[in-house]
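In: give me a 3D structure for the following:
(one chain, ligands or ions: 2)
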Amino acid sequence: MRAEASATDAVVQDEGSARLIDGAAVARGVRARVAEEVARLKAEHGLTPGLSVVLVGDDPASAVYVRNKEKQSVEAGMRGETIRMPATTTQEELLAVVDRLNADERVHGILVQMPLPKQIEPAAVIRGIRPDKDVDAFHPANVGKLLIGERDGFAPCTPAGVMVLLEEAGVPLKGAEVVVVGRSNIVGKPMAALLMQPGVDATVTVCHSRTRDLAAHTRRADVLIAAIGRGRFVTADMVKPGAVVIDVGMNRIDDPTTKTGTRLVGDVDFDAVRSVASAITPVPGGVGPMTIAMLLANTVRAARQLAGVADAGAR
Ligand SMILES: Nc1nc(=O)c2c([nH]1)NC[C@@H]1CN(c3ccc(C(=O)N[C@@H](CCC(=O)O)C(=O)O)cc3)C=[N+]21
Ligand SMILES: [Mg+2]
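Out: Numbers count the residues shown, from 1 in each chain. Ligands and ions are numbered 1, 2, ... in the order given. Below you'll find the model as predicted:
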């Protein structure tokens with residue numbers, strides 16, 4: 001099988017340079033499949049999937065992410081809109097907008113960009129989104145469905161993107177030792193749930209900031225997933241030779257040699273770990289682009305499910 005052949009390629013790679021798992025390229029492929037499905041839904045069912053993103057306040061990083069989400073949904077042929085609200089927005093005002101989107105039948109996916117201003121309780125907003133439009137998969141109904149294996153819910157975009165990367169890179173997961181570092185609701189916990197699914201069948205260990213002798217755990221990993229939120233935290237001595245390393249981290253650090261004076265680094269010390277691992281995702285260009293691609297894929301599925309249109313297969 002093609003997938004197994006590429007896994008072998010990674011293992012026989014010269015020592016000193018892990019194979020790069022190109023998330024930007026895989027994400028382009030996912031977006032191309034999404035665009036094809038959008039075209040089919042329009043042509044055969046008169047259905048245009050729609051994604052509405054709500055941005056509260058003026059956090060510059062959030063503004064960039066939100067612009068990319070709208071741009072990529074429009075490029076895939078979808079209806080994409082961004083609703084911008086001031087930083088002084090109250091929780092009631094935001095919930096009123098969410099309610100309007102819940103009721104709007106042109107809207108199939110709703111995403112409220114995090115983080116929110118302090119006066120707004122994120123849990124209340126997440127619960128306000130209709131679960132069948134919750135393409136982030138943060139609503140307790142979708143979290144629960146993921147854990148018990150009900151397939152009509154959504155999986156959160158970042159861990160779902162990691163699953164696609166592992167699949168495309170031909171990384172064997174059945175019976176493999178996978179160590180997830182980080183236990184957040186948006187990455188670590190759902191990542192573990194996806195890896196434990198029947199049919200995936202990984203053996204999952206979840207580590208976190210209170211784990212005793214973290215390196216003893218990470219060194220046993222065939223696949224190491226770093227979602228800690230601390231720049232270059234995973235060093236070469238923490239990685240088993242030949243392991244596959246997935247870096248979910250996004251940390252902006254000072255770098256006077258760049259134009260902006262800052263630079264993005266992952267949770268993995270890339271240069272050092274690259275000489276130990278067999279395959280590794282870069283930052284940027286790894287998991288990040290997959291997050292948005294999976295958001296589009298979830299929105300298309302939401303549209304199909306809300307309209308009662310059958311899956312054409314191939315997803
Ligand atoms: N409700 C909600 N849902 C989210 O999914 C959500 C959110 N809030 N708040 C913020 C985080 C962050 N996030 C990213 C998406 C794409 C990239 C991405 O495309 N990164 C590129 C470029 C990074 C850059 O250059 O800045 C890369 O890694 O190559 C990064 C981060 C989604 N988030
Ligand atoms: Mg991310």
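In: which helices and strands sit right next to the one helix or strand Lys145 maps to?
Out: When elements are assigned from DSSP states H and E, Lys145 belongs to helix 140-148. Here helix 140-148 touches helix 188-196, going by 3 or more CB pairs under 8 Å, 6 or more residues apart in numbering; DSSP states H and E. C-beta coordinates here come from the backbone N, C-alpha and C atoms, glycine included.
In: and the helix it packs on, what does it pack against?
Out: Counting by 3+ CB pairs under 8 Å, 6+ apart, helix 188-196 packs on helix 140-148, helix 157-168, strand 177-181, strand 203-207.
In: SS state for Asp271?
Out: Assigned by DSSP: H, G, I helix; E, B strand; the rest coil, the conformation of Asp271 is helix.
In: same deal with Leu111?
Out: Classified using three-state DSSP, Leu111 is strand.
In: state the distance from it to Leu55.
Out: The gap separating Leu111 from Leu55 is 9 Å, by CB to CB, to the nearest Å.
In: with Arg183 instead?
Out: With the distance defined as CB to CB, Arg183 ends up 27 Å from Leu55.
In: which of those two has more neighbours?
Out: Between Arg183 and Leu55, Leu55 has the larger neighbour count (other CB atoms under 10 Å), namely 21 against 18.
In: can you tell me the element that one falls in?
Out: strand 50-56.
In: neighbouring contacts of that strand?
Out: For strand 50-56, contacts defined as CB atoms under 8 Å, 6 or more residues apart in numbering pick out 62-63, 66, 69-70, 73, 78-87, 89, 94, 97-98, 101, 104, 106-113, 116-117, 120, 135, 295-296, 299, 303.
In: quick revisit: make a markdown table out of the helices and strands packed on helix 188-196 and add mean neighbour count.
Out: Shown next, in a markdown table, are the helices and strands packed on helix 188-196 (neighbours: other CB atoms under 10 Å):
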| stretch | mean neighbour count |
| --- | --- |
| helix 140-148 | 17 |
| helix 157-168 | 23 |
| strand 177-181 | 25 |
| strand 203-207 | 18 |
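In: run through who's touching the helix holding Lys145.
Out: 126-127, 131, 134, 137, 151-156, 185, 190, 193-194.
In: report the buried members of these.
Out: Burial by neighbour count, judged by 16 or more other CB atoms under 10 Å, picks out Ile126, Arg127, Pro131, Asp134, Ala137, Gly153, Phe154, Ala155, Pro156, Pro190, Ala193, Leu194 from the contacts of helix 140-148.
In: residue contacts, the third one?
Out: So that's Pro131. The contact partners of Pro131, by CB under 8 Å, 6+ apart, come to His139, Ala141, Asn142, Gly153.
In: and what of the second one?
Out: Arg127 makes contacts with His139, Pro140, as judged by CB under 8 Å, 6+ apart.
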